[in-house]
Structure formats: structure tokens, C-alpha cells
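Student: Test case, fold it:
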Amino acid sequence: MTAGPALHLLHALSAALVLLADHELAASTLAARAAAAARADPYAVVGTGLGAMSGALHGGASLGAETLMAAARGPDDVPRVVADLLRRGEKVPGFGHLVYRSGDPRATVLLDLVRRAAPKSGQLAVADAVLAEMRQKSLPEPNIDIAIATLAQVAGMVRGAGEAIFAVARTAGWIAHALEAYAGAGPLRPRAVYTGRPAADGP
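Tutor: Model (predicted):
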């Protein structure tokens, strides 16, 4: 008996949780680590990480990618949806990365797993059309957010599920960073130098 699409999608979900567990000092991890270094308890550390992660430029970006794909009536409608975003001067969610300038390898792995799991999915066809449109326009390469959004859409998950996957996965990484920070000397204390307008002379 061969495994069905649902089992393969579960495998893709497991892979996503591993791929997203930790990734250097991304904004949420840095925030969580700063909280842990100040000896916040693990619940507060995770809460701090969730606050930073919810931003549209971090874990919340997968919701933007889900919205992008949901706006297309099908693969043929993707050029219109992408063009509308670009016409408004908006960034196409799920593309470009501060570290991976030539493409996010995590996205490649996850998208390949989703393709193997449900090659005939209509939602996958939309996602592939988005990838093709971005490539044709020589725009930034895909990142993990479009891959998570694709997984969520193909698996029929509720809106916003991609962000939840990101949060569950990254929680393991935050706790690992917290344990390391608890063993450290003390709080992180970056310094800042004021470079603004000089104070006026006189009283």
C-alpha cells in the first residue's frame, strides 16, 4: 500500500518544523535571547519572541504570501495579482531575504516536499505560477515564507496557519537560546551614541 498525499504533507510539515527551528539571530531570536539574558522566565522568553515574530517582515510574512495566492483565481490570474502589488509599490511577500540573496535553500527543500506530496494540487499550481512570474520579471528569489504558505494552502489549513507553523517551530530554538543565555554572565547591554541635533547653548 502506498502512502497518500496526507501522509506526505505531514512529512512536509515535520520538515518545516525542523527547517524553521533556528536561524542565527533573527529578530525574534535576538529579542528572546535578550529577555533570557535578563533572566526572564521561559514563558516570558517565548512571549517576547512571539511579539517580534508577529511582524509583517518576519514570521507574519507567510500570511502575506497566503493572501497573495488566495487573491489569484487560478494560475492564469497570477500575473495580474503580482502586477497589482508592484503597481502599488508593494513588496511581493515571500520573496527576498536579508541573508539568502540568491535564494533561500529552506524554501527549495520545503517546496520540493510539497510538490512530491500533492503534485496535482490547484493551490500548488498557483504557487508555481507565482514563482514563475517572479522569475520572469527577474525579481527576488523565493524565501521560506512562500514555501510555508504553499504548504498551508495545499494542505487546506486555516488562514494564518503558516505563521503558527513558524511560531511552533521557532519556539524550540528560542528555548535552546534561553538555556544558553541563562548560563551566561548577564543581560545584553548594547550601547548607543547620540548623533542627532546638538543641544542649543545657553539656558
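
Student: where along this structure do the helices fall?
Tutor: Counting by DSSP state H, the chain has helices at residues 5-19, 27-37, 42-53, 61-71, 78-87, 105-117, 122-136, 144-154, 161-182.

Student: Tell me how far the fourth one lies from the chain's centre.
Tutor: With CA atoms, centre = their mean, to the nearest Å as the basis, helix 61-71 stands 12 Å off its chain's centre.

Student: Just the angle for that helix relative to helix 78-87, thanks.
Tutor: If you take axes from the mean of the first three to the mean of the last three CA atoms, to 10 degrees, helix 61-71 sits at 130 degrees to helix 78-87.

Student: which one of the helices of the chain has the most crowded surroundings?
Tutor: Greatest average neighbour count among the helices of the chain goes to helix 144-154 (a mean of 28), per mean count of other CB atoms under 10 Å. Glycine gets a C-beta too; all of them are placed from N, C-alpha and C.

Student: Output the helices of the chain as a markdown table; include the columns mean pLDDT and distance to V193.
Tutor: Putting the helices of the chain into a markdown table (pLDDT from 0 to 100; distance: least, CB to CB, whole Å) gives the following:
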| stretch | mean pLDDT | distance to V193 |
| --- | --- | --- |
| helix 5-19 | 94 | 38 |
| helix 27-37 | 95 | 20 |
| helix 42-53 | 96 | 24 |
| helix 61-71 | 93 | 32 |
| helix 78-87 | 96 | 38 |
| helix 105-117 | 96 | 36 |
| helix 122-136 | 96 | 40 |
| helix 144-154 | 96 | 34 |
| helix 161-182 | 96 | 25 |
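
Student: Could you save those as CSV and add columns showing distance to P190?
Tutor: Conversion of these to CSV gives the following (distance: least, CB to CB, whole Å):
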stretch, distance to P190
helix 5-19, 29
helix 27-37, 9
helix 42-53, 16
helix 61-71, 25
helix 78-87, 35
helix 105-117, 28
helix 122-136, 36
helix 144-154, 27
helix 161-182, 15
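
Student: what's M69 in contact with, if anything?
Tutor: 123, 126-127, 130, 149-150, 153 (CB atoms under 8 Å, 6 or more residues apart in numbering).

Student: Could you rerun that using 10 Å?
Tutor: Contacts for M69 (CB atoms under 10 Å, 6 or more residues apart in numbering) come out as 78, 81, 93-94, 123-124, 126-127, 129-130, 146, 149-150, 152-154.

Student: Having no further points to raise, I will conclude here.
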